[in-house]
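Trainee: Got a predicted model here, sequence first, then my questions.
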Amino acid sequence: MLRNRVIVTSVILEGRSKAEVARDYGVSRRWVHTLVDRYLAGGWAAIEPQSRRPKSNPRQITRELEEEIVLWRRSLSGGGHDAGAHTIATHLKRTHGKAPAVSTIWNVLARNGLVTPQPKKRPRSSYNRFEADLPNETWQSDFTHWRLADGTDTEILTFIDDHARKALSITAHNVVTGTIVLADFRRNVEEYGPPASTLTDNGLVFTAKYRGGKNGFENELRLLNIDQKNGRPNHPQTQGKVERFQQTLKKWLRAQPAVNTLDELQTQLDYYRHYYNTIRPHRSLQHRTPDEAYNSRPKAGPSGTVGGHWRIREDRIDNEGKVTLRYGSRLHHIGIGRAHKGTRIRLLIHDQHVRIIATETGELLRELILDPSRDYQPQKPQNALPKESEM
């Protein structure tokens, strides 16, 4: 700085007193002393402005850790996965037991040219956000389009749990039909138990209410006493979680080799479902995986029930009008009536509560509370539930 040189020159070359120079140049006498001492010790360079940056920073990361952060970013991005600072921090914690602050990781990414500027987004706080309190409280479902390598259009059907974001199923089809929706739903119920409610858009594969009727999916929900919820027409934000999931899925698919068949696409979807549910940390779940969130709480069920053991079984009534059911490692025989012999049925089982429904007609053939102490459950046992006409 030129003023510092003038001050030192006035004292050293002119021989003026430090007090006089301080008064003339509007600085303190202490500062004049400091400048002169610096000059005598180190020459003109010593009186230039000094950096106030600390000589050491205990929070500064090592070069090796910075390289690891860059490697995580490129590896995750190259695989089509989320590669934000929060996600990288979670992976580092899993690997090393600790991680730098998210802001530090973000600075490393920016310093290495790995941050893409984005337009200012609407703040998260401005959204009316809903999240189910328990797993199985609400399942969201939707389907989206995806093209094979030769340009053939396919459709991908997804069911996710609203609370845990767990991908219950992701399946590839030439065209998603109502029959396919019902089949996937039944498989999910068989594995996870029935949900308390479902949330979908108003597509015909989910609801026929705008045509004045009910489709197979709606009838199944009615039989299981599951609440059906549908978003407003032309308002996909209602099913925001499954819509967002499909965006994430497509981002990953675009980073994979293009495939030629539905079977190859399904293999990719199966891998992604495993990765998404068990490995990928989810920011909305406090960086837990969907599996961790799903398994950490009790499960909701139809009509607000929680817990219990749920099953759905397909069977046929035998020639004596009975069907068998195993409960507590013991086989029980349930009487239904010879008039129904050969009828294909579906058993809806929640603990000891059993509903037996004709598969083709949906008719309720029998409802009972199973008596574990008896091998045979007669047609009119004492614990049979009363019919509506008898109430």
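Mentor: Now that the structure is in, tell me what you want to look at. Residues are numbered from 1 along each chain as shown.

Trainee: C-alpha from now on. contacts and neighbour counts both.
Mentor: OK.

Trainee: So which residues of the stretch 1-150 of the chain form helices?
Mentor: Under the criterion DSSP state H, counting those that start in this stretch, helices of the stretch 1-150 of the chain are mapped to 2-12, 18-25, 29-42, 63-78, 85-96, 102-111.

Trainee: Can you give me the buried ones in the second one?
Mentor: The one in question is helix 18-25. Within helix 18-25, the residues that count as buried by 16 or more other Cα atoms under 10 Å are 18, 21-22.

Trainee: Kindly reformat the helices of the stretch 1-150 of the chain as TSV containing distance to Gly337 and mean pLDDT.
Mentor: Converted to TSV, the helices of the stretch 1-150 of the chain look like this (distance: least, Cα to Cα, whole Å; pLDDT from 0 to 100):
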stretch	distance to Gly337	mean pLDDT
helix 2-12	108	84
helix 18-25	113	87
helix 29-42	107	88
helix 63-78	60	85
helix 85-96	59	85
helix 102-111	67	86
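
Trainee: so can I have a markdown table of the ones you listed showing distance to Gln50?
Mentor: What follows is the helices of the stretch 1-150 of the chain, written out as a markdown table (distance: least, Cα to Cα, whole Å):
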| stretch | distance to Gln50 |
| --- | --- |
| helix 2-12 | 12 |
| helix 18-25 | 21 |
| helix 29-42 | 11 |
| helix 63-78 | 26 |
| helix 85-96 | 34 |
| helix 102-111 | 25 |
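
Trainee: quick one on the thing from earlier: just the buried residues of helix 18-25 now: which is nearest Phe245?
Mentor: Ala22 (69.5 Å; Cα to Cα).

Trainee: From what I see, the closest one and Val32 are in contact.
Mentor: Yes: counting by Cα atoms under 8 Å, Ala22 does reach Val32; the two are 6.4 Å apart.

Trainee: quick one, phi psi at the nearest residue to Glu320 once chain neighbours are set aside?
Mentor: Spatial nearest neighbour of Glu320, excluding adjacent residues (Cα to Cα, 6 or more residues apart in numbering): Arg338 at 5.6 Å. Per-residue torsions, Arg338: phi -60, psi -20 (degrees, to the nearest 10).

Trainee: shaky segments in the chain?
Mentor: Applying pLDDT under 70 to the chain flags residues 1, 54-59, 117-130, 233-238, 304-308, 381-391.

Trainee: domains of it?
Mentor: Here the domain parsing of the chain from automatic domain parsing is 2-47, 63-111, 139-295, 309-390.

Trainee: Throw these into CSV and include distance to Ala132, thanks.
Mentor: What follows is the domains of the chain, written out as CSV (distance: least, Cα to Cα, whole Å):
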stretch, distance to Ala132
domain 2-47, 66
domain 63-111, 23
domain 139-295, 5
domain 309-390, 20
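
Trainee: just to revisit the earlier point, out of the helices of the stretch 1-150 of the chain, which comes closest to Ala293?
Mentor: Nearest to Ala293 among these is helix 85-96 (15.4 Å), distances taken as Cα to Cα.

Trainee: which of the residues in that closest one are buried?
Mentor: Buried residues in helix 85-96 (16+ other Cα under 10 Å): 85-92.

Trainee: Can you lay out those as a markdown table showing distance to Tyr376?
Mentor: Listed next are the buried residues of helix 85-96 as a markdown table, based on distance: Cα to Cα, whole Å:
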| residue | distance to Tyr376 |
| --- | --- |
| Ala85 | 61 |
| His86 | 58 |
| Thr87 | 56 |
| Ile88 | 59 |
| Ala89 | 59 |
| Thr90 | 55 |
| His91 | 55 |
| Leu92 | 58 |
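
Trainee: Distance of the residue nearest to Ala255 when sequence neighbours are not counted relative to Ser284?
Mentor: Spatially, and ignoring its direct neighbours in sequence, Ala255 is nearest to Gly80 (5.0 Å; Cα to Cα, 6+ apart). Gly80 sits 19 Å away from Ser284, taking Cα to Cα, to the nearest Å as the criterion.
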